[in-house]
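>>> Mind folding the following:
(chains A and B)
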2 protein chains.
Amino acid sequence: MSGRVSDEEVIRRLEEFGKSIAMQVLKGMPPRMEIPVRTLSNTIWDEKRRILVLGPAKAKREFLDMKESRKFMQTLLMLSLILMARREGDFPTIRDLYYMGKHTIRYRDVHGRERTEETWNDQQESNSVIQDIEVATGLLREEMGIMHDAKGKIVGRIVIKSKGYEIDCSKLGSGAYAIPPNPDRLEIVRVEADYVLCIEKDAIFERLNEEEFWKRENCILITGKGQPDRATRRMVRRLWEEFGLPIYVLTDADPYGWYIYSVYRSGSISLSYESEKLACPGVRFIGLTTSDIRDYKIPKNFIIAATERDLKRAAEMLRYPWFKSEAWQRELKLFLRQKEKVEIEALSGHGFRFLSDVYIPEKIEKKKWIE
Amino acid sequence: MSGRVSDEEVIRRLEEFGKSIAMQVLKGMPPRMEIPVRTLSNTIWDEKRRILVLGPAKAKREFLDMKESRKFMQTLLMLSLILMARREGDFPTIRDLYYMGKHTIRYRDVHGRERTEETWNDQQESNSVIQDIEVATGLLREEMGIMHDAKGKIVGRIVIKSKGYEIDCSKLGSGAYAIPPNPDRLEIVRVEADYVLCIEKDAIFERLNEEEFWKRENCILITGKGQPDRATRRMVRRLWEEFGLPIYVLTDADPYGWYIYSVYRSGSISLSYESEKLACPGVRFIGLTTSDIRDYKIPKNFIIAATERDLKRAAEMLRYPWFKSEAWQRELKLFLRQKEKVEIEALSGHGFRFLSDVYIPEKIEKKKWIE
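Residues are numbered from 1 along each chain as shown, chains lettered A, B, ... in the order given. Purely as a prediction, here's the structure:
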């Protein structure tokens, strides 16, 4: 069961983290904290659950270690800022937190010289400790009420409730519901769709929405505008987990598009700790694939030559455990051989409505997805 | 009076354009078309209306001129595609149109050799003729039903009607209404706001929405996520033109942010023909300004050093007619002297709610905007 972590629970967990440090100090012990390691070497592929997760490695951060005391201070400073915001019901952005906490510490060194130290020099430092607090408390920043950009949109057969208002996403006309930064604060009241279609390109989303594709097909359309952000992924995960909906991903036929599919499905390599709540192992890829170039008779002059970067990317993906299925291995090898990529819009060569009238329904009805 | 151009009117104007060419052919005249010139040299500052507009220069495009026949063919090809889509009620993206029209023309030259020519080689070519058709017919691509990305969001005291459904933007909870690519297709049913606040940064928009700033302040919040797209600008323009609402723009204190303000207000230099429908000369800038660094006691360590690029940009802006007001000249010169920039979030140094509780209301109530 997923669902929203209450503000009370968030405050409790943050306080607990702080209390464990305070207790050490009160007992006269050298303060230390344990933070799960977020490096690539501690990122593992969980074969059974089919998602990328953090491994068991933890790092000790000691206040009385010269190399770690700065980071120790930063972690506690950030913890106090987030806790304060939660207690006050405020919703700072990660950048607000950076400025809130940024100040100059003045002190005298052992020789009596006055010295200064910035609490953090740039946002990379403050963001890094936010991530540490995420893994240490098991709370996503969204759950801690931290705001950030949110680029996802949703439309179709779903009714959402937020702050007491019901939003029927089949009654938004030409527009859509902009997914908020923390979809866990939304209640999903009703879902009457047969599936969810995640669309890489916003322009394609707009087109399918304008022609009310979701009404004809009885589905939900979502776009994450390129690489989906955390809020979009969380929304997709909830629809899969709580409502058991099939999730299909539609992208261009290139390694960038295929990687988008894999982020929806398995999580991202650099932020594997999010996968527990964001990855969605039920996701299926309906294209475009390299095979589609032949199967859907894409004309030669629509084809784009793969770049060196594309080929390098595909070669890497060939080795990822989450691309080890027969279908993906075949597609990736075909791509490396043909060195050809194609955009979704290339299907419009067969007519404006080929994508919506033929391609998508056919891929889904005839189970021509890969995973 | 603005408002939506009906599909019938769009079809009529496109047909008229095509008919004028056909008539020339039927009369045995060498076919030619007249297209307003979209270059910088034909972009003029309309002092009276205070917007950037296209000048009177027009270029003749002749079919029987070797240098122009390719572009002539492309223009007619695109015209036919757009007209076909309108007649069928389809909503292609600019990229769909590229693929729809892309094909290889085979012919024999005067020596009997078989030759081939692509209708267009890349999307830049097909986009360019879409712009030509826009200026030639006086129709924006949005009005012609052409889809594209739309990144704007709106929330607050406004009720919109689209495809028969009423959307109350004060009842969307933590989310927002994603502005569709063509806001002219929306009916604005009711506006009960005192002003519109255009926010550069999406994360700030999310924060102000989450704390229901628009409810307290009785306003409408809009974000164009950085440089606003055409749909966001059109929405803002309609709220100003049809409802007489004051429009305030909130950005970082840097030339990039100030340019965003000027695009809302006066139009963009590279696409001045849009200004007639998108620019909004009533827009006011509430900050952040370079003066705010002193006035709002921004700490030294929050200040970011201006780059060479920033300084070059500001020096250019100093010369633009639409930055000639005393207030802007003073601010730009101050920036060039101090060489300092500041982010909106720097105000959080005074507390999470300083921006919403103090800064914005103060700037508006005390009329501390510049324009």
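
>>> right, and residue A:104 touches residue A:120 too?
No. Using Cβ atoms under 8 Å, residue A:104 is not in contact with residue A:120, being 10.9 Å away. (Each C-beta comes from the backbone N, C-alpha and C, glycine too.)

>>> Name all residues that make contact with the spatially most central residue of chain A.
The residue lying closest to the centre of chain A (Cα atoms, centre = their mean) is residue A:230, at 3.1 Å. Counting by Cβ atoms under 8 Å, 6 or more residues apart in numbering or on different chains, residue A:230 makes contact with A:140, A:142, A:274, A:278.

>>> Now, these that are in helices?
Secondary structure from DSSP state H places residue A:278 of the contacts of residue A:230 in helices.

>>> Is it possible to get CSV of the contacts of residue A:230 that adds neighbour count?
Formatted as CSV, the contacts of residue A:230 follow (neighbours: other Cβ atoms under 10 Å in any protein chain shown):
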residue, neighbour count
A:140, 20
A:142, 24
A:274, 25
A:278, 26
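
>>> If we check chain B, which of the contacts of residue A:230 are in contact?
With Cβ under 8 Å from any Cβ of the partner chain as the criterion, no member of those is in contact with chain B.

>>> and which of the contacts of residue A:230 is nearest residue A:225?
Taking Cβ to Cβ as the measure, residue A:225 lies nearest residue A:278 of the contacts of residue A:230, at 16.5 Å.

>>> and that closest one, how far is that from residue A:111?
Residue A:278 is 50 Å from residue A:111, where distance means Cβ to Cβ, to the nearest Å.

>>> Could you do residue A:120 as well?
According to Cβ to Cβ, residue A:120 and residue A:111 sit 26 Å apart.

>>> So between these two, which is more surrounded?
residue A:120 (22 against 6; other Cβ atoms under 10 Å in any protein chain shown).

>>> wait, that one sits on residue A:126?
Yes. At 4.9 Å, residue A:120 and residue A:126 qualify as touching, with contact defined as Cβ under 8 Å.

>>> who touches both of these two?
Common neighbours of residue A:120 and residue A:126 (Cβ under 8 Å, 6+ apart) are A:74, A:98, A:101-102.

>>> Rebuild those residues as TSV, extending it with distance to chain B, secondary structure and pLDDT.
Output for those, formatted as TSV (distance: Cβ to the nearest Cβ, whole Å; DSSP: H, G, I helix; E, B strand; the rest coil; pLDDT from 0 to 100):
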residue	distance to chain B	secondary structure	pLDDT
A:74	15	helix	96
A:98	7	helix	96
A:101	9	helix	95
A:102	6	coil	94
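
>>> By neighbours, which of those residues wins?
residue A:98 (27 neighbours).

>>> Contact partners for that residue?
By Cβ under 8 Å, 6+ apart, residue A:98 lies in contact with A:120, A:123, A:126-127, B:345.

>>> and which of the residues you listed is nearest to residue B:156?
The nearest one, if we look at these relative to residue B:156 and count by Cβ to Cβ, is residue B:345, at 21.7 Å.

>>> Any idea how many residues pack against the closest residue to the closest one other than its chain neighbours?
Counting by Cβ to Cβ, 6 or more residues apart in numbering or on different chains, residue A:95 is the residue found nearest to residue B:345 once chain neighbours are left out, at 4.2 Å. Applying other Cβ under 10 Å, we find 21 residues neighbouring residue A:95.
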